[in-house]
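Participant: coords below, sequence missing:
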């Protein structure tokens, strides 16, 4: 579904990704792991059309999307829930969700809103409240809900567990698993190695702009290098 | 001591004048809210729109009120294209650059206007220019009454558009969270141009409503921009409601100042409010507290 090949990208003249290969198939949860500064967000933002890559190929559904605007990429159904949530603080929860279907999924806006509220009942209780007044966990739910409003074919979740309490982190990973069981393909970009590997089918480890490990999530969870660098074992 | 009847008339006249200030200030605050810059070309573009109303009347006899739809549409198109072709292109994505470009644009427009139209004052003559409506002790000029009502209606329509339509929501979303807006597929550059166009369309409306009672020269815009800037600071930068309430307050202050201190010295009230707001509540009446 998503195929990234030999991707080189960065900001200005600074190259951050130095040839990344990665793919996500239909119905898969793929985890992209890596510490701060490994290049995870650069990868996301380049895939989503916010930055133009220096080189390499990005294909979505078989079509080349390098150079496609962020609008075109959303319209194709590749939707990112960004790190730091990026909800619209001055708009109500309902308006945030409505804008999730600004470019895609507008005909089914009402039905999808009901669906999102069913997944996140807390948002349903706060529909008329402005998004800036929500707690961090609620804002994360809103950001994911807003992403779902665009009827994604592939959802990229960038650090969804960042800044959440352990209990909420647990809830968040459960929810990601449920969304996947409904058939949604997910690229999960995380620092939280153990829980990500528990719900992912496959995983990649990004370090200094290169993929250093990849494979089935269950195999990676037992890999000695990964245990050493990320779990201190 | 002033006669209460005169005071009453002064307040009403101030409110009526404030109606058009609201339109000018709403345009300025909308552009500020979305682009995060003061549009220095605001006064020059208002002046240009006033000349447009004047020439429409002079060349085809079109009444300024009847010209509203045409001038609003033309002003929107002019603002949209000015952003797309000049401001957005030269800014290279930096807000500070936009500030300087609008300043440059205003200097060019002012001087081209002086070259083409000369420095004489021009007025539109309408049959209703000297009609009055009596309200208690106050005699209110009919054109000012019409302008006031039309201003508030246009502002209300714009407010509903911003609150209810998808485009309006996108404009408000871009004002606070550009990255998030890109990620839901909003064309952020287009929203910038639309917002600038709408801000200038407000000036087009204001020009139509001003011309029956006002005159135009190449420097007409300056007076309004100073007032509009004070209103925007008073109401809170970027606040739509603040601009609306602030406009009416400033209209009354100016009118009462003129009544008590004379036409020239009366302007001092506006400057005094400006200084007081900066000293006591820099975020304005409706601005977010820092």
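Facilitator: Perfect, thanks for sending it. Keep in mind that what you see is a predicted model, and the values were worked out from it rather than measured.
Participant: Around chain B, pick out the residues from chain A.
Facilitator: Proximity of chain A to chain B, by C-beta under 8 Å from any C-beta of the partner chain, involves residues A:48, A:50, A:69-71, A:73-75, A:79-82, A:85-91, A:95, A:98-100, A:102-104, A:146, A:150. The C-beta positions use only the backbone N, C-alpha and C, and glycine is treated the same way.
Participant: Which of the residues you listed fall in helices?
Facilitator: A:70, A:71, A:73, A:74, A:75, A:95, A:98, A:99, A:100, A:146 (DSSP state H).
Participant: Report the contact partners of the nearest residue to the third one once chain neighbours are set aside.
Facilitator: It refers to residue A:73. Among residues not flanking residue A:73 along the chain, residue A:49 sits closest, at 4.4 Å (C-beta to C-beta, 6 or more residues apart in numbering or on different chains). Residue A:49 is in contact with A:65, A:68, A:69, A:70, A:71, A:72, A:73, counting by C-beta atoms under 8 Å, 6 or more residues apart in numbering or on different chains.
Participant: so the first one sits right up against residue A:57, yeah?
Facilitator: No. Here residue A:65 lies out of contact with residue A:57, judged by C-beta atoms under 8 Å, at a distance of 9.2 Å.
Participant: Mind checking what secondary structure residue A:4 has?
Facilitator: strand (DSSP: H, G, I helix; E, B strand; the rest coil).
Participant: tell me the SS of the closest residue to it other than its chain neighbours?
Facilitator: Nearest non-adjacent residue to residue A:4, counting by C-beta to C-beta, 6+ apart: residue A:22, 4.5 Å away. Three-state call for residue A:22 (three-state DSSP): strand.
Participant: do residue B:185 as well
Facilitator: Under three-state DSSP, residue B:185 comes out as coil.
Participant: my guess is it contacts residue A:102, does it?
Facilitator: Yes. Counting by C-beta under 8 Å, residue B:185 does reach residue A:102; the two are 5.7 Å apart.
Participant: who touches both of the two?
Facilitator: Common neighbours of residue B:185 and residue A:102 (C-beta under 8 Å, 6+ apart) are residue A:150.
Participant: ok, and what's touching the helix or strand where residue B:162 lies?
Facilitator: Per DSSP states H and E: residue B:162 is located in helix B:142-164. Residues outside helix B:142-164 that contact it (C-beta under 8 Å, 6+ apart) are B:13, B:15-20, B:22-23, B:26, B:65, B:68, B:126, B:128-129, B:131-133, B:167-169, B:171-172, B:198, B:202, B:205-206, B:209-210, B:212-213, B:240, B:244.
Participant: Tell me the confidence at the nearest residue to residue A:225 once chain neighbours are set aside?
Facilitator: Distance criterion C-beta to C-beta, 6+ apart; nearest residue to residue A:225, sequence neighbours excluded, is residue A:213 at 6.5 Å. Confidence at residue A:213, expressed as pLDDT, is 91.
Participant: SS state for residue A:213?
Facilitator: Residue A:213 ends up strand, using three-state DSSP.
Participant: Any idea what it is bridged to?
Facilitator: Counting by DSSP bridges, residue A:213 forms beta bridges with residue A:205.
Participant: Could you pull up the residues touching residue A:38?
Facilitator: Contact analysis of residue A:38 by C-beta under 8 Å, 6+ apart lists A:206, A:207, A:208, A:209.
Participant: Of these - the most surrounded one?
Facilitator: Neighbour counts for the contacts of residue A:38, by other C-beta atoms under 10 Å in any protein chain shown, peak at residue A:206, which reaches 23 neighbours.
Participant: who's in contact with the nearest residue to that one once chain neighbours are set aside?
Facilitator: Nearest residue to residue A:206, sequence neighbours excluded (C-beta to C-beta, 6+ apart): residue A:34, at 3.7 Å. The neighbourhood of residue A:34, defined by C-beta under 8 Å, 6+ apart, consists of A:40, A:191, A:205, A:206, A:207.
Participant: gap between the second one and chain B?
Facilitator: Going back to what we said before, that points to residue A:191. 20 Å (C-beta to the nearest C-beta, to the nearest Å).
Participant: Test my guess that that residue contacts residue A:163.
Facilitator: No. Here residue A:191 does not reach residue A:163: they are 11.4 Å apart, not a contact under C-beta under 8 Å.
Participant: And the helices in chain A?
Facilitator: Applying DSSP H to chain A gives helices spanning A:40-47, A:70-76, A:93-100, A:109-119, A:121-125, A:136-149, A:166-181, A:193-199, A:217-222, A:224-231.
Participant: Turn the ones you listed into JSON lines, columns for distance to residue B:287.
Facilitator: Formatted as JSON lines, the helices of chain A follow (distance: least, C-beta to C-beta, whole Å):
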{"stretch": "helix A:40-47", "distance to residue B:287": "32"}
{"stretch": "helix A:70-76", "distance to residue B:287": "31"}
{"stretch": "helix A:93-100", "distance to residue B:287": "21"}
{"stretch": "helix A:109-119", "distance to residue B:287": "32"}
{"stretch": "helix A:121-125", "distance to residue B:287": "28"}
{"stretch": "helix A:136-149", "distance to residue B:287": "23"}
{"stretch": "helix A:166-181", "distance to residue B:287": "33"}
{"stretch": "helix A:193-199", "distance to residue B:287": "42"}
{"stretch": "helix A:217-222", "distance to residue B:287": "50"}
{"stretch": "helix A:224-231", "distance to residue B:287": "46"}
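Participant: closest one to residue B:97 among those?
Facilitator: Closest to residue B:97 of the helices of chain A, according to C-beta to C-beta: helix A:70-76, at 22.4 Å.
Participant: For that closest one, list every residue counted as buried.
Facilitator: Neighbour counts over helix A:70-76 (16 or more other C-beta atoms under 10 Å in any protein chain shown) mark A:70, A:71, A:73, A:74, A:76 as buried.
Participant: now the helices of chain A in JSON lines, with mean pLDDT?
Facilitator: As requested, the helices of chain A are exported to JSON lines (pLDDT from 0 to 100):
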{"stretch": "helix A:40-47", "mean pLDDT": "92"}
{"stretch": "helix A:70-76", "mean pLDDT": "95"}
{"stretch": "helix A:93-100", "mean pLDDT": "97"}
{"stretch": "helix A:109-119", "mean pLDDT": "95"}
{"stretch": "helix A:121-125", "mean pLDDT": "94"}
{"stretch": "helix A:136-149", "mean pLDDT": "95"}
{"stretch": "helix A:166-181", "mean pLDDT": "92"}
{"stretch": "helix A:193-199", "mean pLDDT": "91"}
{"stretch": "helix A:217-222", "mean pLDDT": "88"}
{"stretch": "helix A:224-231", "mean pLDDT": "73"}
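Participant: out of these, nearest to residue B:109?
Facilitator: helix A:70-76 (32.8 Å).
Participant: Just confirm yes or no for the longest helix belonging to chain B near chain A.
Facilitator: In chain B, assigned by DSSP H, the helix with the most residues is helix B:4-35. No. Using C-beta under 8 Å from any C-beta, helix B:4-35 never reaches chain A; the gap is at least 9.5 Å.
Participant: Let's test this: mean pLDDT of that helix, rounded?
Facilitator: Averaging pLDDT along helix B:4-35 yields 91.
Participant: Buried residues, it. List them.
Facilitator: Those would be B:7, B:9-35, for helix B:4-35 by 16+ other C-beta under 10 Å.
Participant: packing partners for that helix?
Facilitator: Packing partners of helix B:4-35 (3 or more C-beta pairs under 8 Å, 6 or more residues apart in numbering or on different chains; DSSP states H and E): helix B:42-60, strand B:138-141, helix B:142-164, helix B:166-176, helix B:188-210, helix B:220-235, helix B:240-261.
Participant: and these as CSV, adding mean pLDDT and mean neighbour count?
Facilitator: Listed next are the helices and strands packed on helix B:4-35 as CSV, based on pLDDT from 0 to 100; neighbours: other C-beta atoms under 10 Å in any protein chain shown:
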stretch, mean pLDDT, mean neighbour count
helix B:42-60, 96, 22
strand B:138-141, 85, 16
helix B:142-164, 95, 17
helix B:166-176, 96, 21
helix B:188-210, 97, 26
helix B:220-235, 89, 24
helix B:240-261, 91, 22
